[in-house]
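Participant: Output the structure for:
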Amino acid sequence: MLLTSRTGLRTSSRRLKAALLAPAVAACLVAASAPPTPLGVGDALFPHLGNPGYDVASYDLAFTYSGSNSEPLQAVTTIEAWTTASLDRVNLDFGRGEVRSVEVNGLPAEYAEAGEDLVVTPPTSLPEGSWMRITVRHTSHPVPPKGGRGGGWVRTADGLAMANQADAAHLAFPCNDHPSDKAMFTIRVTAPQGYTAVANGLRSALNRAGKATTWTYRTQHPMATELAQVSVGRSTVLRRTGPRGLPVRDVVPTEHRAKLEPWLKKTPEQIAWMEERVGPYPFETYGVLMADASTGFELETQTLSLFETDLFTDDALPEWYVDSIMVHELAHQWFGDSVSPRTWSDLWLNEGHATWYEALYADEKGERTLDTRMKAAYRASDLWRAAGGPPAAPKAPENGDRLGIFRPNVYDGGALVLYALRQEIGHTAFERLERAWVSRHQDGTAATDDFVQLASAIAGRDLNGFMKGWLYDAKTPPMPGHPDWKPGTPAEGSKARPGAAPHAGARHGAAGGR
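Facilitator: Down below sits the predicted model:
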């Protein structure tokens with residue numbers, strides 16, 4: 001994700017998951033007579049996010065759009081999962097919408113709300129290692145309640161899109177809303193004539209009945225709930241071919257099609273540029289979803305990155321700057337989407353890498369050198385650590401702000417960690433590490449310690465001591481190869497702008513995305 005600002009420019013394996021969820025699983029094994037209570041998987045930044053006791057294999061989401069983006073969508077969510085513990089109840093994350101019925105394995109089930117959890121009591125308890133199918137018929141509300149938090153659906157000028165990062169997928173559909181539990185998705189959208197629906201993955205069916213059309217999309221790779229995307233609007237889908245025959249499809253407001261085409265045609269070259277550095281693109285398709293909405297960010301939803309249309313129609317923004325933002329979101333398809341964070345404290349692995357390739361692209365295109373940007377980041381790093389924590393131990397968001405974890409310490413601060421590592425082990429070893437990282441953990445989750453251990457193996461020496469300071473210390477360590485680089489004073493740090501624009505909380509780095 002990349003936050004933007006216009007002040008200046010713009011700113012799984014079950015074994016691993018069981019270890020993460022172990023403390024929470026015990027809390028899930030409650031007597032059926034106990035009051036329903038919200039649970040979580042123990043994430044340090046979002047303690048009530050996710051649920052213990054099961055591993056989701058697939059989601060089937062069906063939405064019916066009326067033609068008004070201020071009215072609730074009628075929806076059916078079907079979840080198929082394996083239990084990892086004996087369960088008398090199953091908690092799902094679901095924070096907005098009316099539940100009309102719940103079935104477990106085809107039989108009616110009792111349910112109750114507890115905070116932002118939907119607590120389901122199946123007709124009989126579910127033993128460990130059993131297969132379960134939960135079907136929830138519900139509404140999905142695109143408009144948050146008065147005084148309630150936004151997220152999930154984004155209302156556009158002509159319809160809807162999704163923006164679920166970090167903890168908002170469950171505001172649109174019931175789910176196990178934590179990146180540690182990735183699953184396959186089938187998404188069906190029914191809408192009136194004149195609308196086009198697009199979602200993650202490839203379209204598998206198109207059915208017309210009367211004055212409505214149903215589009216069906218399926219992913220070919222597992223996906224975290226925060227990366228789900230559904231777009232419905234008066235849109236045009238443009239198709240082209242990327243490297244190695246990759247299907248590329250872009251979704252744009254029909255009225256802006258001609259003006260946006262010069263930007264869209266850049267994507268195949270950008271994919272080829274990333275493949276030269278980290279290896280083959282990891283999914284079945286890619287494309288850009290341009291939403292006529294004001295979100296303040298761009299977002300790497302899997303196979304279909306979300307952008308604000310006016311990023312591309314604002315003539316005040318330099319071309320190289322917009323190109324860098326496009327590369328940032330594209331880089332996330334490898335770093336964050338294919339290789340997802342095991343916990344939200346591992347966010348720097350997503351944002352640091354996306355910012356790194358964004359900065360490297362600008363450097364290679366001759367617009368802003370990498371050294372210049374990293375030196376500015378070094379000057380600001382102590383201030384960022386004081387405000388948001390070190391890159392791999394970020395502070396929890398304040399006042400329940402779901403975007404509060406997207407700070408400069410995980411964007412340019414995370415990229416600075418990668419720069420220091422490259423200085424320490426050399427360019428060749430660093431490039432091997434990057435390729436090995438995305439190959440080894442493709443379609444899975446990974447944590448900071450996994451990255452450090454892989455870096456040590458490739459470097460041929462223990463890097464734990466070196467990386468500890470860069471990842472966890474309150475003060476930024478000396479930069480290898482640059483003894484002249486000095487941390488800035490608080491006054492200097494507050495003015496530092498390592499990238500093209502100031503951070504607005506800083507999801508995706510200085511160029512302006514999440």
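Participant: dump the residue contacts of the closest residue to residue 220 other than its chain neighbours.
Facilitator: Distances taken as C-beta to C-beta, 6 or more residues apart in numbering place residue 284 nearest to residue 220, at 4.4 Å, with adjacent residues excluded. Quick note: C-beta positions are derived from backbone N, CA and C, even for glycine. Residue 284 sits next to 201, 202, 219, 220, 221, 247, 303 when contact means C-beta atoms under 8 Å, 6 or more residues apart in numbering.
Participant: got it, and residue 409?
Facilitator: Residue 409 sits next to 348, 381, 384, 385, 387, 388, 389, 390, 391, 394, 506 when contact means C-beta under 8 Å, 6+ apart.
Participant: The first one: neighbour count?
Facilitator: Neighbour count of residue 348, defined by other C-beta atoms under 10 Å: 27.
Participant: Check whether it sits in a helix, strand or coil.
Facilitator: Three-state call for residue 348 (DSSP: H, G, I helix; E, B strand; the rest coil): helix.
Participant: What separation do you get for it and residue 170?
Facilitator: Distance of residue 348 to residue 170, computed by C-beta to C-beta, to the nearest Å: 24 Å.
Participant: Equivalent analysis for the third one, please.
Facilitator: Counting by C-beta to C-beta, the gap between residue 384 and residue 170 amounts to 30 Å.
Participant: my guess is residue 346 contacts residue 452, does it?
Facilitator: No. At 11.4 Å, residue 346 does not count as touching residue 452 under the criterion of C-beta atoms under 8 Å.
Participant: ok, these two, which is more surrounded?
Facilitator: Taking neighbours as other C-beta under 10 Å, residue 346 and residue 452 compare with residue 346 leading, 25 against 20.
Participant: so after the lowest-mean-pLDDT helix or strand in the chain, what's the next helix or strand?
Facilitator: Scoring the helices and strands of the chain by mean pLDDT, DSSP states H and E places helix 14-28 at the bottom, with a mean of 45. On the C-terminal side of helix 14-28, the closest following helix or strand by DSSP states H and E is strand 54-64.
Participant: Each with direction, which strands does that following strand pair with?
Facilitator: strand 73-83 (antiparallel), strand 184-192 (parallel) (DSSP bridges).
Participant: Partner strands of the following helix or strand past the shortest one, with direction?
Facilitator: By that I understand strand 184-192. With elements assigned by DSSP H and E, the helix or strand that comes after strand 184-192 is strand 196-199. Strand 196-199 pairs in its sheet with strand 230-233 (antiparallel), by DSSP bridges.
Participant: which residues are in contact with the partner strand?
Facilitator: Under the criterion C-beta under 8 Å, 6+ apart, residues 61, 63, 65, 156-162, 172, 187, 189, 191, 195-199, 251, 253, 289, 291-292, 304 lie in contact with strand 230-233.
Participant: Which among those residues count as buried?
Facilitator: 61, 63, 65, 156, 158-162, 172, 187, 189, 191, 195-199, 251, 253, 289, 291-292, 304 (16 or more other C-beta atoms under 10 Å).
Participant: Thought residue 390 was touching residue 473, still the case?
Facilitator: Yes. Counting by C-beta under 8 Å, residue 390 is a contact partner of residue 473 at 6.0 Å.
Participant: what about these two, which has more around it?
Facilitator: Legend: neighbour count by other C-beta under 10 Å for residue 473 and residue 390, higher for residue 390 (25 against 13).
Participant: From residue 472, how far off is that one?
Facilitator: For residue 390, the distance to residue 472 equals 5 Å [C-beta to C-beta].
Participant: So what would you say the end-to-end distance of stretch 125-135 is?
Facilitator: 17 Å (C-alpha to C-alpha, to the nearest Å).
Participant: got the contact list for that stretch?
Facilitator: 32, 54, 76-88, 90, 92, 102-106, 109, 120, 122, 174.
Participant: Buried subset of the residues you listed, written for PyMOL?
Facilitator: To isolate the buried subset of the contacts of stretch 125-135 in PyMOL, counting by 16+ other C-beta under 10 Å, use the following:
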select buried, resi 54+76+77+78+79+80+81+83+84+85+87+88+90+92+102+103+104+109+120+122+174
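Participant: could you dump the helix or strand hosting residue 361 to PDB, C-alpha only?
Facilitator: Residue 361 is part of helix 347-364 when elements are defined by DSSP H and E. C-alpha atoms of helix 347-364 as PDB (Å, rounded to 0.1, in the frame of the first residue of the first chain):
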ATOM      1  CA  LEU A 347       5.000  -5.400   7.300                       C
ATOM      2  CA  TRP A 348       8.500  -3.900   6.600                       C
ATOM      3  CA  LEU A 349       9.100  -7.000   4.400                       C
ATOM      4  CA  ASN A 350       6.200  -5.800   2.200                       C
ATOM      5  CA  GLU A 351       6.700  -2.100   2.200                       C
ATOM      6  CA  GLY A 352      10.500  -2.000   2.500                       C
ATOM      7  CA  HIS A 353      10.800  -4.100  -0.600                       C
ATOM      8  CA  ALA A 354       8.200  -2.300  -2.700                       C
ATOM      9  CA  THR A 355       9.900   1.000  -1.700                       C
ATOM     10  CA  TRP A 356      13.300  -0.500  -2.700                       C
ATOM     11  CA  TYR A 357      12.200  -1.400  -6.200                       C
ATOM     12  CA  GLU A 358      10.300   1.900  -6.600                       C
ATOM     13  CA  ALA A 359      13.500   3.800  -5.700                       C
ATOM     14  CA  LEU A 360      15.700   1.500  -7.800                       C
ATOM     15  CA  TYR A 361      13.400   2.100 -10.800                       C
ATOM     16  CA  ALA A 362      13.700   5.900 -10.400                       C
ATOM     17  CA  ASP A 363      17.500   5.500 -10.000                       C
ATOM     18  CA  GLU A 364      17.900   3.400 -13.200                       C
END
